[in-house]
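Peer 1: return atomic coordinates for the entry below.
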Amino acid sequence: MMLNQNPLHSQYISYLPAILQEDQLLAQFLLSFEQVLSGFETEPQAAIIIPSDAVSPPGLESILDNIHLYFSPQDTPSEFLPWLAGWVGLSLRDEWDVRVKREFIRQVISLYQLRGTKIGLEKVLALYLKNSGFGDKVKVYEHFEHLPHYFQVQLTLPDRDPEKYWRQARIAKAIIDQEKPAHTYYTLKILVPTMQITKDVHQYFRFTLFDPPEQRAFELSITITPDENSPEQNISWLAQQLKVSLENNHKSTEFSSQQTSIRGNSFVQTFSISYQQSLLSLDGLNIVLSNQTDSLFLGAIAVNLHYHLNHQKVTNQIYTEQLNLLPVLRIINPEDNQGNTIIFADHDPAGLMITDKIKSQSHTFHLFDRPEIQTFTLNTQIIVESATETIRQDDEEIQQPVEINRDLMFKLGTTIREQNSNSHLLSYRPNIEENILIFQKVVTHKQFLKTLEGYQLRLNNISLKQLSGQVNIDISFQFNQGTVTHRIISQAFNLAALGEFDRMQICQRDPTSANGYSGNTILGTTSQAI
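Peer 2: Prediction:
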């Protein structure tokens, strides 16, 4: 760039023919063009970006010499950021801080290479939070086996200002929606500082569901009772002549009878079914009855399944039915070979022999759902039967009953977790009905296989009242194409009142304490619903 040494004459005059260079008026006229194109700098200028409010802007040559500065996201004026973002296919949100916009433009190319991945989403959110002054604490959780294509995003904000909270929640949601794969869905969890009480009064209730698969066994009992009008009443003889067999619908598995026992006017045939045999019989089981007496049998059949829940034996009745069984013994006719008995006389005395396996009336039923669709619903009831508080009267402590109201019920906390885990199971928000706290949890068969050691219910009291009552846990599931419910826990609880001093004591540093602090509150984090 040329530097004009004579401010009264344009430097451009030297490029004209000699006869025109003598024209003073033309030399002054060209000054206006020189100011636009070259400027009037008498000394070389440093490479800078020209502010929009500059009084004497440099010429176009100077601007073009420094045009590279406008391509730097860190240096370009904020007015140029949307234009520069368009070069890299980036849409900038109006509510973003200028620092955030600059950093996104600077790193967007490398972020494009990670788009749609867990690490890519973490980097994008951390980039936004860090440059917005909120730190970079971002965690993405995936691989929820029972929830395909699902993930959770957890952000931590240092400020619990509601206005900032909801603004950042909206922005974070917009970023996730833009960056996540189209077929996925998610939950956004934002943690903010709050106070948490660390001391409470609690009681544990531990329980399991079924036995582990390798130890699980079922016992099927078939009880047959003759009617008073049945021709044959000798129950011991009937137990031998009324044949009972059990097989699955595919006839691929037959079950051996464990024992036959006489109980009063009935006989009971018992079959043992292993867990593997039950998996082979998901399409149903058949009970085949054969009346091998010589007369009509009138009576009733009752079929029950026995197994263990929470180490307790439970029984489900499968069905009961009246029986009207014709005899199946038919003497064979040598001419047409019809019938199922034959007279043999190789030695005395002659007798009848059954020539084939006799099967008559069949009864079909099912046990449990297929494992891939099987679910167990845990219904928990916490019944508060009494609430008392301790008062001093005449230098004596006496227990005085208090009203069980909704506010008191809210101070009764419950969580269900795996036996050897600190992570809580996802459950619905508890419902409060007068003095009863109710909540429900659904466990899939796949989840059950991961929690064979069982679960624990933690009941905690953060009120100043002593609470006592009953804990009931019922399990419901599909059985024989219907729903059955069993109570696996029914226990009393007695929770002492939380001491008034312990109820809210602000935590402070204490070098003499094992934890390094004293008090029962900590600065924790919690999540608000979005």
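Peer 1: what pairs with Phe271 across the strands?
Peer 2: Leu220, Ser257 (DSSP bridges).
Peer 1: how about Arg167, secondary structure?
Peer 2: Assigned by DSSP: H, G, I helix; E, B strand; the rest coil, the conformation of Arg167 is helix.
Peer 1: what count of nearby residues applies to the residue nearest to it when sequence neighbours are not counted?
Peer 2: Spatial nearest neighbour of Arg167, excluding adjacent residues (Cβ to Cβ, 6 or more residues apart in numbering): Glu95 at 7.1 Å. Where you see a C-beta, it was placed from the backbone N, CA and C, and this is true even at glycine. For Glu95, the neighbour count with other Cβ atoms under 10 Å is 10.
Peer 1: surely Glu95 touches Gln168?
Peer 2: No - here Glu95 lies out of contact with Gln168, judged by Cβ atoms under 8 Å, at a distance of 10.1 Å.
Peer 1: name the residues contacting each of the two.
Peer 2: Here Glu95 and Gln168 share no contacting residue, scored by Cβ atoms under 8 Å, 6 or more residues apart in numbering.
Peer 1: give me the contacts around stretch 171-186.
Peer 2: 93, 95-96, 115-116, 120-121, 124-125, 128, 149-153, 155, 188, 190, 530.
Peer 1: write the PyMOL selection for whichever of the residues you listed are buried.
Peer 2: Buried members of the contacts of stretch 171-186, defined by 16 or more other Cβ atoms under 10 Å, are picked up in PyMOL with:
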select buried, resi 96+120+121+124+125+128+151+153+155+190
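Peer 1: in the chain, where's the longest strand?
Peer 2: Across the chain, the longest stretch assigned as strand under DSSP state E is strand 375-393.
Peer 1: helices or strands up against it?
Peer 2: Applying 3 or more Cβ pairs under 8 Å, 6 or more residues apart in numbering; DSSP states H and E, one finds that strand 375-393 contacts strand 396-401, helix 406-410, strand 412-418, strand 436-444, helix 445-450, strand 466-479.
Peer 1: relative to Val100, how far out is Leu69?
Peer 2: 21 Å (Cβ to Cβ, to the nearest Å).
Peer 1: between these two, who's got more neighbours?
Peer 2: For Leu69 versus Val100, the count of surrounding residues by other Cβ under 10 Å is larger for Val100: 20 against 16.
Peer 1: so what's the more buried one up against?
Peer 2: Leu127, Tyr128, Asn131, Ser132.
Peer 1: do Arg115 as well
Peer 2: Residues near Arg115 by Cβ under 8 Å, 6+ apart: Glu179.
Peer 1: ok, which stretches of the stretch 201-350 of the chain are helices?
Peer 2: Using DSSP state H, counting those that start in this stretch, the helices of the stretch 201-350 of the chain run over residues 235-241, 275-279.
Peer 1: which one of the ones you listed lies closest to Pro17?
Peer 2: Across the helices of the stretch 201-350 of the chain, Pro17 has its closest neighbour in helix 275-279 (104.4 Å, Cβ to Cβ).
Peer 1: run the chain-centre distance for that closest one.
Peer 2: With Cα atoms, centre = their mean, to the nearest Å as the basis, helix 275-279 stands 28 Å off its chain's centre.
Peer 1: name the helices or strands packed onto it?
Peer 2: Using 3+ Cβ pairs under 8 Å, 6+ apart: helix 275-279 touches strand 217-226.
Peer 1: can you do 10 Å?
Peer 2: strand 217-226, strand 297-309 (3 or more Cβ pairs under 10 Å, 6 or more residues apart in numbering; DSSP states H and E).
Peer 1: dump those into a markdown table; add distance to His445, mean pLDDT and mean neighbour count as well.
Peer 2: A markdown table is the format used below for these (distance: least, Cβ to Cβ, whole Å; pLDDT from 0 to 100; neighbours: other Cβ atoms under 10 Å):
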| stretch | distance to His445 | mean pLDDT | mean neighbour count |
| --- | --- | --- | --- |
| strand 217-226 | 16 | 91 | 19 |
| strand 297-309 | 15 | 91 | 18 |
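Peer 1: how about JSON lines for those, with distance to His202 added?
Peer 2: Listed next are the helices and strands packed on helix 275-279 as JSON lines, based on distance: least, Cβ to Cβ, whole Å:
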{"stretch": "strand 217-226", "distance to His202": "36"}
{"stretch": "strand 297-309", "distance to His202": "25"}
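Peer 1: returning to that earlier point: that's a helix at the residue nearest to Arg167, yeah?
Peer 2: No - going by three-state DSSP, the assignment for Glu95 is coil, not a helix.
Peer 1: from what I see, it and Arg170 are in contact.
Peer 2: Yes - Glu95 is within contact range of Arg170, at 8.5 Å (criterion: Cβ atoms under 10 Å).
Peer 1: on that earlier part again, for Val88, find the nearest of the helices of the stretch 201-350 of the chain.
Peer 2: helix 275-279 (56.0 Å).
Peer 1: filter the contacts of Val100 to the buried ones?
Peer 2: Neighbour-count burial within these applies to Leu127, Tyr128, Asn131, Ser132; the criterion is 16+ other Cβ under 10 Å.
Peer 1: if we can go back for a sec, format the contacts of Val100 as JSON lines; extra columns: secondary structure, distance to Lys243 and pLDDT.
Peer 2: Output for the contacts of Val100, formatted as JSON lines (DSSP: H, G, I helix; E, B strand; the rest coil; distance: Cβ to Cβ, whole Å; pLDDT from 0 to 100):
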{"residue": "Leu127", "secondary structure": "helix", "distance to Lys243": "77", "pLDDT": "84"}
{"residue": "Tyr128", "secondary structure": "helix", "distance to Lys243": "76", "pLDDT": "81"}
{"residue": "Asn131", "secondary structure": "helix", "distance to Lys243": "82", "pLDDT": "74"}
{"residue": "Ser132", "secondary structure": "coil", "distance to Lys243": "80", "pLDDT": "75"}
